[in-house]
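Colleague: how would this look folded up:
(one chain, ligands or ions: 1)
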Amino acid sequence: MGSRLVGYGSYLPEKIMTNQDFERMMDTSDEWIVQRTGMRQRHFAADNETVTDMAVMAAQRALDNANLTVDDIDLVIVATTTSELDFPSVGVQVLGALGATRDQPGFDVRGACTGYIYALHCARAFFAAGMHRRIMIIGAEKMSRFLDWNDRSTAVLFGDGAGALIFEHSTSSYSGIIDTVIMGDGKCFDMLHGTSDHRISMNGPETYKKAVTLMPEAAQYIMEHAGITAENVDWIIPHQANLRIIQSGAGRLGFPLEKIIVTVDKHANTSGASGVLAMAYAFDQGIIKKGQLILYPAFGSGLTWGASLIRV
Ligand code: ACO
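Modeller: Numbers count the residues shown, from 1 in each chain. All right, here's what the predicted structure looks like:
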């Protein structure tokens with residue numbers, strides 16, 4: 001049993017914060033931010049706008065795109081580490097907000113920036129076991145909740161938003177979520193983690209060094225597992241943490257720049273929402289076409305890393 005992608009949706013909050021806005025608030029510059037990260041702007045949720053609100057918007061758009069209703073969905077898995085409430089899960093809240101009537105389950109995975117790959121990994125296993133017919137994967141984050149406006153080294157890097165993908169079971173194992181691999185190394189906790197007072201503690205240069213090796217390693221592993229090379233892949237959609245990381249990783253794998261989907265300039269790093277938002281963006285722009293093969297690597301706090309191979 002495999003799967004196929006039947007719908008996508010995304011939501012970005014209305015408020016846009018540009019590098020110039022940061023220049024007015026702290027000792028930074030558009031030049032530094034663009035040169036070091038490739039970021040030019042990011043969306044920030046309103047004070048009263050929650051992770052669940054954003055997830056619900058993305059989910060509804062994915063349902064509309066797939067021509068389905070919430071009762072057609074059997075399971076919702078949400079990748080998030082920034083939800084306002086410790087419980088219940090955003091997954092079950094999304095089902096409630098959309099008016100689900102079939103007592104369907106929803107839950108969250110906490111894989112930081114790799115969260116959406118962890119969610120896809122769960123979905124692939126559920127499809128393989130024949131356990132659920134339709135699964136919605138959502139990545140939703142309000143990173144602005146964790147920003148320390150006195151720390152220029154992290155404040156400029158993140159953004160808010162949500163993306164959703166709907167997969168349904170298929171007898172083909174060559175479509176939808178073809179493969180996934182997830183990895184983790186808790187010994188690197190100190191490199192990048194949230195703090196109990198809701199800030200981001202990050203050793204940028206050390207994290208950078210890990211990202212440029214581990215993300216390509218996961219991507220390489222999954223290509224070898226599938227018996228393919230970069231030439232067989234139509235697009236690579238890496239986690240959008242930093243343009244330099246994206247280009248270096250894709251270069252190591254032998255991908256030309258034209259095959260890389262980049263949204264970090266528009267969205268900055270939206271952590272667990274990043275790849276899902278980037279996939280939705282690429283569909284909206286008509287960049288990705290039905291039937292194409294996407295390599296989907298990610299990396300984040302944990303450390304966690306992994307990759308997926310998706311035929312859309
Ligand atoms: N504006 C201007 N100067 C700055 C800023 C800023 N916003 N931030 C830091 N600087 C300064 C530093 O103070 C330092 O100054 P100094 O040399 O006088 O001490 C200088 O710029 C260089 O700082 P570095 O940290 O060495 O800069 P680097 O080139 O490494 O870039 C960055 C920093 C962009 C954070 C990079 O290290 C990076 O992208 N790391 C990886 C981040 C990442 O991938 N995180 C992953 C996931 S996040 C998650 O899972 C939630």
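
Colleague: and for the nearest residue to Met26 once chain neighbours are set aside, the neighbour number?
Modeller: Nearest in space to Met26, with sequence neighbours left out and distances taken as Cβ to Cβ, 6 or more residues apart in numbering, is Arg152 at 4.9 Å. Every residue, glycine included, has its C-beta placed from N, CA and C. Neighbourhood size, Arg152 [other Cβ atoms under 10 Å]: 16.

Colleague: ok, the one 3 residues further on next?
Modeller: Burial of Ala155 is recorded as 20 neighbouring residues (other Cβ under 10 Å).

Colleague: check the one 4 residues further on too.
Modeller: For Gly159, the neighbour count with other Cβ under 10 Å is 30.

Colleague: and what of the one 4 residues further on?
Modeller: The local packing of Gly163 (other Cβ under 10 Å) involves 34 other residues.

Colleague: would you mind measuring from the closest residue to the ligand within the stretch 101-250 of the chain to Asn19?
Modeller: In the stretch 101-250 of the chain, no residue comes nearer to the ligand than Gly204, which is 3.0 Å away by Cβ to the nearest ligand atom. Taking Cβ to Cβ, to the nearest Å as the measure, Gly204 falls 17 Å from Asn19.

Colleague: tell me which of those two has more neighbours.
Modeller: In this view Gly204 and Asn19 are compared by other Cβ under 10 Å, and Asn19 has more residues nearby, 20 against 15.

Colleague: contacts only, for the closest residue to that one other than its chain neighbours.
Modeller: Nearest residue to Asn19 in three dimensions, chain neighbours excluded: Asp30, at 3.9 Å (Cβ to Cβ, 6+ apart). Residues counted as contacts of Asp30 (Cβ atoms under 8 Å, 6 or more residues apart in numbering) are 18-20, 23, 40.

Colleague: report the buried members of those residues.
Modeller: Neighbour-count burial (16 or more other Cβ atoms under 10 Å) applied to those gives 19, 23, 40.

Colleague: and the pLDDT at the last one?
Modeller: Pointing back at Arg40 there. For Arg40, the pLDDT comes out at 98.

Colleague: now for the longest helix along the chain, which elements pack on it?
Modeller: The single longest helix within the chain, with elements called by DSSP state H, is helix 204-226. Identification of packing neighbours for helix 204-226 by 3 or more Cβ pairs under 8 Å, 6 or more residues apart in numbering; DSSP states H and E yields strand 176-184, helix 243-252, strand 293-300, strand 304-311.
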